[in-house]
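Trainee: Build me a structure from this.
(chains A, B and C)
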Amino acid sequence: MTDATLHPDRLFPPDPGMRAIARALYESVADLPIVSPHGHTDPAWWGTDAPFANAAELFVTPDHYVTRMLVSQGVPFEAISAGTDPRAVWSTFAAHYHLFAATPSRLWIDHAFQHVFGLTDRLGPDTADRFYDAITEALATDAFRPRALYERFGIAAIATTDSPLSDLTHHARAAEDWPAGRVLPTYRPDDCVDPEHPGFRRNVETLGALTGCDTTRWQGYLEAHRKRRAYFAAHGATATDHGHPTAQTRNLPEGQASAVFQRVLRGHAVPGDAETFRAQMLTEMARMSVEDGLVMQLHAGSSRNHSDLVFRRHGRDRGFDIPARTDYVAGLRPLLNAVGMDPRLTLILFTLDESTYARELAPLAGAYPSLLLGPPWWFHDSPEGMRRYRERVTETAGFHNTAGFNDDTRALCSIPARHDMARRADCAFLATLVADHRLSEAEAHALAPALATGLARKAYKL
Amino acid sequence: MTDATLHPDRLFPPDPGMRAIARALYESVADLPIVSPHGHTDPAWWGTDAPFANAAELFVTPDHYVTRMLVSQGVPFEAISAGTDPRAVWSTFAAHYHLFAATPSRLWIDHAFQHVFGLTDRLGPDTADRFYDAITEALATDAFRPRALYERFGIAAIATTDSPLSDLTHHARAAEDWPAGRVLPTYRPDDCVDPEHPGFRRNVETLGALTGCDTTRWQGYLEAHRKRRAYFAAHGATATDHGHPTAQTRNLPEGQASAVFQRVLRGHAVPGDAETFRAQMLTEMARMSVEDGLVMQLHAGSSRNHSDLVFRRHGRDRGFDIPARTDYVAGLRPLLNAVGMDPRLTLILFTLDESTYARELAPLAGAYPSLLLGPPWWFHDSPEGMRRYRERVTETAGFHNTAGFNDDTRALCSIPARHDMARRADCAFLATLVADHRLSEAEAHALAPALATGLARKAYKL
Amino acid sequence: MTDATLHPDRLFPPDPGMRAIARALYESVADLPIVSPHGHTDPAWWGTDAPFANAAELFVTPDHYVTRMLVSQGVPFEAISAGTDPRAVWSTFAAHYHLFAATPSRLWIDHAFQHVFGLTDRLGPDTADRFYDAITEALATDAFRPRALYERFGIAAIATTDSPLSDLTHHARAAEDWPAGRVLPTYRPDDCVDPEHPGFRRNVETLGALTGCDTTRWQGYLEAHRKRRAYFAAHGATATDHGHPTAQTRNLPEGQASAVFQRVLRGHAVPGDAETFRAQMLTEMARMSVEDGLVMQLHAGSSRNHSDLVFRRHGRDRGFDIPARTDYVAGLRPLLNAVGMDPRLTLILFTLDESTYARELAPLAGAYPSLLLGPPWWFHDSPEGMRRYRERVTETAGFHNTAGFNDDTRALCSIPARHDMARRADCAFLATLVADHRLSEAEAHALAPALATGLARKAYKL
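Mentor: Next up is the predicted model:
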């Protein structure tokens, strides 16, 4: 029997022959554990295991995929923000749920409704209250606390994303009193590396205080990063992450790098200094990765807070970050000339500019031993996005220069749904290759678990 | 029985299961009226209802899709231009008709041959004369005059594209003596807004004369636009249209805007002034749309008249306008920061740069309440173009942030063919979503008429 | 019976109906001769007919598709370079052959193993020695010398790529003592045209010595090119080829062109001169093509030798040439304004930037009579690459503005495999058009041989 919202063959090719191949591949990986090496879950969930409050705060107010779609069709931010009565928020969401037809958000949310809460109907005005009550009541029970969900979801390891200034206290606590969990921090130094971050100078000062390094000097500043990276590694981190507006890197002589650092730190920056400093720091971080073995991730090309009004009134991460064209070929060259051929470096690249898959990223990852491609990111973490990724990347870079899947999410209940979608999409892609005889069925069966978990474990050293 | 050129299942997925879904969806929308909110038919057709002259003047000489293809394969412009014996033009066209295999032009023209003129063979050297005679004879009869064709085609409303200087006399006459017709003007101010248009200064002067505004001053110039927009609205217009080489917008302080206006008007422009002025005028027009409710359309990114020789000898709109890369993310930001969150604004975006669908346009339209995406434009108004559009746009922006179909044509007999192609392509796309269970069949049946006419009516307030 | 690695239906659509159409189309072209108008086989092979040494030197060390993939996964260049024991190179290759799953390289290599050497298993660690011995032993026999392979492969004509300074001695010798062969040189003047080529000044001097022209003067330099082009034409050349970092062209007044020439020749170049000179030379070469009828090819957009380290240690053509974004619309305009409407010019365009197919190249080739599009190039010479090419190009440019297939390879045994892949991919594409009724089966049968050989013969005047 097939329920209303989730068909067991969803996302498989409709052709009966290909569907059978895809199904068999999927069955072999559907129940593998979830390896989640990059994401944005709140470390406090794992440290304190406090329950979630209600359906609206779990599914609507913090999810920028959801809020932006509602806003795009005329719903005021105020109606769907924290502070508004959660049942009213939920009711607005339910009344507009048809907007999400054919979007990945709906596939994720329907999956969570059914697999996490046992709700198999479609959300809509008529089911809104029933869904709200069922979810909110469940959340009050122990079985729906974060750690219980982690275990129920079959998560083998999950990485969070953390400021260098974080004391990682939640990670420490989880490690101490929750043996079934594996929560890894990730070193994300943007707020200490980007001179245009409003807290940059204060953060660099704090970085000095935390490490005992003189972060008013270039070498001391770098040494402070080294110490914090070691602190993260001691708490289980295997990776760093870098969110930059462009993929520009630089490899300046020490004197010049130091001079730029002094200017940006003292507020004497000249035009271009902020970009130059960020670019230089990518190369510095790559050099540190060569030394300490932390895997480096670069997420480039998001034009953040496109609407001044939305940013001013409603803050960051509200769905108004828009992708921009990104140049990896010229941008990464200084870094790659410095350390790109070093077998000790792993640098995983992410893009929001799909035109770079076949033109830039697959050729780069198919040549440099240090480079891997991360999975389709953000707007492209979707069935069509995954198909385009594999179709454009595989012929030049193969499968082994890709880093497996990661969910990249702060929406806890979407994690199984996202991994399931990726496994289905990858099995569908493998099935097309088998069906037109580019791959044997045995090869596809060897690749399916690699795409589901193996490549992620290898890339992230998990 | 299936005729030679048009199969009833054309453009549907070949897989039998998917084809059945697509067929059922298509049958539910095939006979809906045609809503044509953006196009380039000649208002004089509707005002005077004069007959067309012959087959060549209907199908060949004015159709830049056709002439450029012939020229690209060595046919001299002279052989297919107005002024040449129309039967000879037709004969050249027929002799080269094989060049159009697998192009949308052929699908449109074959559709018109069959559905408008009852000609079901393939055009070629052997059928050329018979086709020419049949079409030319038909055109001399009342049943093939413009208004009769409008009614036969089931058009519910059609918009033309008009200069602010037009007196809209043909629209007025049609409104007066043709109750079955609905012909709307569209305010297209390029010739009064683009300082690089050869008639710019003269047109601004005329604009002043028509409105009684002092168009030698910035505020008077803006006021003149407001008055003409009101005149257009009084003649039924619901929209404006803006054809710009880029998507650049600006939002200058009034003093600066006024100074640029004075420089471009008096011939003292400095480099960049023309682009700045056009960019500023997009924001001004958006502000006027907030006030008067006219829907704004932006067609950006055509590099007009690429060949100097063709332009000099044969004029505009001869198939030598070539798309250029377009940046919407940075370009639109000033306008969107000014009025993009205002619920009274509707701005419909068109592109010739498909790389912007998933990277820029869907994220923008999936966030800003003012933005909608227009259908695939010009070179992309084709089966593959429509598929790429839906595949790249839907997952981020959904269906409801798109503006339905419009035919954008000056080729009257292609209008039913173009809407039919769009309905088939959209039903084929919906069928793929149903077939792999991303959408239920009921949802697809609710969406099909929205894509065929509903979204266009809503977007254009028709 | 189906062997392990090559299925007779490979690359055809899996849907049974479409597959049957594709199969029938393919059968009609599978055995047509191979026309190879652009490639990089070594003229010495054809002139001397010397045997190949061993499996590693045939399949691994010179193939940058192969070496870059191995290097990208951590194999040191030293392990797979000429100079290393060839059996050890082969063993490394075999141990990593799984990396090539779903890449075109594997389809080509498996095809060569089976069709050239009768080896129908999959290469791997367990079959490595057997493959090495079988191939190496075969290569020592007369049946596997270059000329015998040419005849066995059914090649009708093959073009090499040659410096203007080449004496074409191997072409002359082949013409003299090998009546069954047709080996054409191609005039590739990059090393005499690119001021950034390390040998530029010396080469221009040699060009003068060879031709008796005063190549220290602009007109003498151009005249020298004319003479060498005539020399190439006398040796059978029908085409020139130009590998440029961008598609920029210029059409300077003679005085300015001459001044730039003097600066780059005397080492007084100012920034931009090298690019300006290359751009000017494209237009000069186009003008010469108008005069002498040689077909012009432009391969633009490869960012050569991306890794300084790899270039320094291991040289050119090692897989570290990475595509870059390319602008054809603005770039080609000066050349096209000079000679683009001249019916005597044929200019075939190649790109590594697929985003230009639908946006720039198809509109340009679908308008200018001089322009044709070359087949998908390099990273895009693959099943997915070919599909994207046809899907993006055909609706605007049709089939007749494309130049047929060419293999562009230095890997002799891959030539039949590459043409076979292209024929399969094109027949698969035609089958999709037939299956959804955009094309009749008769039309597809007329087009299939045109795509396989006819268009290439016509475009290259073969």
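
Trainee: Could you report the pLDDT at the residue in the stretch 151-300 of chain A that chain B sits nearest to?
Mentor: Relative to chain B, the nearest point of the stretch 151-300 of chain A is residue A:245 (11.5 Å; C-beta to the nearest C-beta). Every C-beta, even on glycine, is put in place using the N, C-alpha and C of the backbone. We have a pLDDT of 96 for residue A:245.

Trainee: From the centroid of chain A, which residue is nearest?
Mentor: In chain A, the C-alpha nearest the mean C-alpha coordinate belongs to residue A:408, at 2.1 Å (C-alpha atoms, centre = their mean).

Trainee: which ones are touching that residue?
Mentor: Counting by C-beta atoms under 8 Å, 6 or more residues apart in numbering or on different chains, residue A:408 makes contact with A:38, A:39, A:40, A:377, A:378, A:381.

Trainee: so how far is residue C:156 from the third one?
Mentor: When distance is defined by C-beta to C-beta, to the nearest Å, residue A:40 is 60 Å away from residue C:156.

Trainee: Before we go further, residue A:341 is sitting in a helix, right?
Mentor: No. Residue A:341 is assigned coil when assessed by DSSP: H, G, I helix; E, B strand; the rest coil, not a helix.

Trainee: Against residue A:339, how distant is the closest residue to it other than its chain neighbours?
Mentor: Spatial nearest neighbour of residue A:341, chain neighbours left out: residue C:309 (5.3 Å); criterion: C-beta to C-beta, 6 or more residues apart in numbering or on different chains. Counting by C-beta to C-beta, the separation of residue C:309 from residue A:339 is 10 Å.

Trainee: Also residue A:425?
Mentor: 33 Å.

Trainee: same check, this time on residue A:156
Mentor: 30 Å.

Trainee: Looking only at neighbour counts, state which of these two leads.
Mentor: Set residue A:156 next to residue A:339 and count neighbours by other C-beta atoms under 10 Å in any protein chain shown: residue A:339 wins out with 19 against 16.

Trainee: tell me the contacts of the more buried one?
Mentor: A:283, A:286, A:287, A:290, A:345, A:370.

Trainee: what do you get for residue A:461?
Mentor: Residue A:461 touches A:238, A:293, A:295, counting by C-beta under 8 Å, 6+ apart.

Trainee: Ok, residue A:43 next?
Mentor: Counting by C-beta under 8 Å, 6+ apart, residue A:43 has contacts A:160, A:162, A:166, A:168, A:170, A:171, A:174, A:183, A:185.

Trainee: Dump these into a markdown table; add secondary structure as well.
Mentor: Below are these laid out as a markdown table (three-state DSSP):
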| residue | secondary structure |
| --- | --- |
| A:160 | coil |
| A:162 | strand |
| A:166 | coil |
| A:168 | coil |
| A:170 | helix |
| A:171 | helix |
| A:174 | helix |
| A:183 | strand |
| A:185 | coil |
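
Trainee: Looking at the residues you listed, which is nearest residue A:279?
Mentor: residue A:162 (23.0 Å; C-beta to C-beta).
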